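# With the input below, show me the fold.
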Amino acid sequence: MDEQNRNLILATALSFLVILIWFILFPPEEPVPPQDVAPATAEGTVQPAVPGAEANPTLPGTSEAGVPGSGQGATAAPEAPAAPRVEIQTNRLSGSISLAGGRIDTLNLSDYRETIDPGADTVTLLVPEGQNRAYYALFGWSPGAGLDAGAVPGASTPWSQSGDGALTTGNDLLLTWDNGAGLSFQRRISVDDDFMFTVTQSVTNNSGAPVRLAPYGVIARHGEPDDLKGFFIIQEGPIRQTGEQLDEYGYDDLRDFDADPRWGPASDVVQVEQNGWIGFTDHYWMTTLIPDTAEPFQAALQYDAARDIYRTTALLSTRDVAPGATVEVTQRLFAGAKEWETIREYEEAKGIYRFIDSIDWGWFFFLTKPIFAVLHWLNGVIGNMGWAIIALTFIIKALLLPLAYKSYVSMARMKELQPEMEKIKERAGDDRQKLQQEMMGLYKKEKVNPAAGCLPILLQIPIFFSLYKVIFVTIELRHAPWIGWIRDLSAPDPSSLFNLWGVLPWAGPEPGSILALIFIGILPLILGISMWLQQKLNPAPTDPTQAMIFAWMPWVFMFMLGSFASGLVIYWIANNTITFMQQYAIMRSQGMKPDVFGNITSGFRKKPGGTEKTAANKTSKPDKK
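As a prediction, this is how the structure comes out:
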């Protein structure tokens, strides 16, 4: 077997290994069915202790409840009452804030729709309590020693709006509440042009005695999201930056947490000294609590099994408020799309530590980050993400060209040594050690590296993984059109052989079905042809088994990769096309004439005995000078 065929077999084996790892060894996780629990009302009844306080406080975000482990009976929090709402209206967000608890609990992303249909609903991120899959943010104060839960605003506290009007960019919302015992609270909420809320809480002590309180932020999620992908390649669930590392969890991880003596069952709490944030991330969206970068806090992950509520909490350090004094603390809330440019700006301009890592870059982050940065820049220049992917392919192939050139030259030299290698095999017979020694001597004498042809193939695998990751996880590819029928580069080709790619007047099979896998679209078909043509640069192997494997390989891959994202298939088609041109040019530069047409037609001719006739001695001839 010559070196080119050996390398092609290696490429095939490695590629099949990739597919097997993805779709057999690591299949998408089955979604966990919602637990059969009573409808969720207000927040649960698990209580943490405020650092430095002399008594256990009430859980952040709850109404009054007993403290487990303190001898008091735990009672369910009352249902949040109906309350007036304040509208949120910016160029990119719409929603409202409930004056019951001051909850940010209704939020839609104006720039994003559920489907590519222009009339589709905008994406809903936050949902009020009492509705399906409630998802909201709460802020408040946990009372220390000498204060009961009713002395501080809770999850259902009726706040008053100071002034009129909606919360908009440039028009803050000011909420006030007085406990009637000398403590008055204010909460100022502002929002920027993108997805960042700033929540400033203050308390003024006119009670005549010092008090201790701890500010907090809570994001609560009732049940798992309906659109949970459950695919190992993306992070979906709680996320926590501790300042030292980024911790990523699945929802099942929270259910498996052990009990914490202060925070209750299914809890995991770490102390963050600085540069921390905590929240939930979805495939394309994220909701995150961000204390000040220098602010220490307890970052808690919890699961309330009785109400099927997942909770992330940022409990800040206790504040001592002297009589007549006012204490103020600020937290931020990111609630929006994981746009690379927007999140990078928050990291660089607002100092949010490693905020760009909230996008799941994967194991090959050292490749995925620069690849996406270049892709994003190309998209800005070209104005179309599909053409940007093709331009990126040219750049990658140009960077790998020196290595590819050495690889092709090495393979050409190996073909020249085939007669001498055959003589060595005849002399060595069954003596494997002698065969290896003489082969190594030949390679050394002729200065040929037999492994040189494998290196470009090995480099292509992490690049392929990285580009797959980029296309799959980044929102910039979501609903991004290319040409004609390709209106979403993050989805498979919607055309289908079932209706002759739109010619016949009926719809194609449902995406993800067996019929959709069989009746492939136009892009997968072009991919198969590009792989087949690339094969024809070299004659078919003389061994019938190898020849059969090579003949079927492009078409097997065509069906296997037909369900991949269109953006990835475009990359692969472009990569195959450029590789074909590069290899053809390099082979010509080495004095060889690839007989592509002859290699194609040879597959349709048969020897008298019924076996296929190869063009092994006819094609890729050296130039006669």
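
# remind me which residues of the stretch 1-150 of the chain are low pLDDT?
1-81 (pLDDT under 70).

# what about 90?
1-83, 118, 144-150 (pLDDT under 90).

# go on, the stretch 401-550 of the chain?
401-468, 471-472, 484-485, 491-521, 532-550.

# again, 80 this time
406-418, 446-460, 496-519, 537-547, 550 (pLDDT under 80).

# Which parts of the protein are helices?
For the chain, the helices defined by DSSP state H cover 3-20, 251-255, 340-350, 365-382, 385-416, 418-428, 432-446, 455-473, 514-518, 522-535, 544-560, 566-589, 596-602.

# mind listing what Asp172 touches?
Arg188, Ile189, Ser190 (Cβ atoms under 8 Å, 6 or more residues apart in numbering). Using the backbone N, CA and C atoms, a C-beta is placed for each residue, glycine as well.

# Quick check: can you list the domain ranges of this structure?
3-27+372-622, 85-360 (automatic domain parsing).

# want to throw these into TSV with distance to Phe366?
Shown next, in TSV, are these (distance: least, Cβ to Cβ, whole Å):
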stretch	distance to Phe366
domain 3-27+372-622	9
domain 85-360	13
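
# quick one on the thing from earlier: just the buried residues of the contacts of Asp172.
For those, a neighbour count by 16 or more other Cβ atoms under 10 Å gives the buried set as Arg188, Ile189, Ser190.

# Quick check: of those, which lies closest to Leu147?
Arg188 (22.7 Å; Cβ to Cβ).

# Just give me the residue right at the centre of the protein.
When Cα atoms, centre = their mean is applied to the chain, the residue found nearest the centroid is Val473 (3.4 Å).

# Select, out of the helices of the chain, the one closest to Ile88.
helix 340-350 (17.7 Å).

# what packs against the closest one?
strand 326-337, helix 365-382 (3 or more Cβ pairs under 8 Å, 6 or more residues apart in numbering; DSSP states H and E).

# Of these, which stretch is the most buried?
Of the helices and strands packed on helix 340-350, the one with the most neighbours on average (mean count of other Cβ atoms under 10 Å) is strand 326-337, at a mean of 20.

# Each with direction, which strands does that strand pair with?
strand 196-205 (antiparallel), strand 285-291 (antiparallel) (DSSP bridges).

# which one of those has the most crowded surroundings?
strand 285-291 (a mean of 25).

# Need the contact partners of that strand.
109, 123, 125-126, 135, 137, 217-219, 239, 276-281, 297, 312-314, 316, 331-338, 352, 358.

# pLDDT wise, what is the nearest residue to Leu533 once chain neighbours are set aside at?
Of all residues not flanking Leu533 in the chain, Phe580 sits nearest, at 6.1 Å (Cβ to Cβ, 6 or more residues apart in numbering). As predicted, Phe580 sits at a pLDDT of 89.

# What of the one 5 residues further on?
Each residue has a pLDDT score; the one for Ala585 is 87.

# returning to what we had before: please tabulate the helices of the chain in JSON lines, including the columns distance to Ser496.
Conversion of the helices of the chain to JSON lines gives the following (distance: least, Cβ to Cβ, whole Å):
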{"stretch": "helix 3-20", "distance to Ser496": "22"}
{"stretch": "helix 251-255", "distance to Ser496": "35"}
{"stretch": "helix 340-350", "distance to Ser496": "32"}
{"stretch": "helix 365-382", "distance to Ser496": "28"}
{"stretch": "helix 385-416", "distance to Ser496": "20"}
{"stretch": "helix 418-428", "distance to Ser496": "45"}
{"stretch": "helix 432-446", "distance to Ser496": "50"}
{"stretch": "helix 455-473", "distance to Ser496": "21"}
{"stretch": "helix 514-518", "distance to Ser496": "7"}
{"stretch": "helix 522-535", "distance to Ser496": "9"}
{"stretch": "helix 544-560", "distance to Ser496": "13"}
{"stretch": "helix 566-589", "distance to Ser496": "13"}
{"stretch": "helix 596-602", "distance to Ser496": "27"}
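
# Could you work out which of the ones you listed reaches nearest to Asp304?
Nearest of the helices of the chain (Cβ to Cβ): helix 251-255, 9.8 Å.

# Surely Asn171 and Gly165 touch.
Yes - using Cβ atoms under 8 Å, Asn171 is in contact with Gly165, at 5.8 Å.

# returning to what we had before: among the domains of the chain, which is the most enclosed?
With neighbours defined as mean count of other Cβ under 10 Å, those peak in mean count at domain 85-360, which reaches a mean of 19.

# Quote the end-to-end distance of it.
35 Å (Cα to Cα, to the nearest Å).

# Ok, stretch 360-368 next?
Taking Cα to Cα, stretch 360-368 runs 10 Å from one end to the other.

# got the contact list for it?
Here stretch 360-368 makes contact (Cβ under 8 Å, 6+ apart) with 233-235, 248, 281, 369, 462-463, 465-466, 469-470, 473.

# Just flag the most distant two among these.
Most distant of these, by Cβ to Cβ, are Thr281 and Ile463, 25.5 Å apart.

# Just send the helices and strands packed on helix 340-350 back as a markdown table, with mean pLDDT and distance to Asp105 too.
Output for the helices and strands packed on helix 340-350, formatted as a markdown table (pLDDT from 0 to 100; distance: least, Cβ to Cβ, whole Å):
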| stretch | mean pLDDT | distance to Asp105 |
| --- | --- | --- |
| strand 326-337 | 97 | 10 |
| helix 365-382 | 95 | 33 |
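
# May I see the ones you listed arranged in TSV, with distance to Glu224 as well?
As requested, the helices and strands packed on helix 340-350 are exported to TSV (distance: least, Cβ to Cβ, whole Å):
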stretch	distance to Glu224
strand 326-337	18
helix 365-382	26
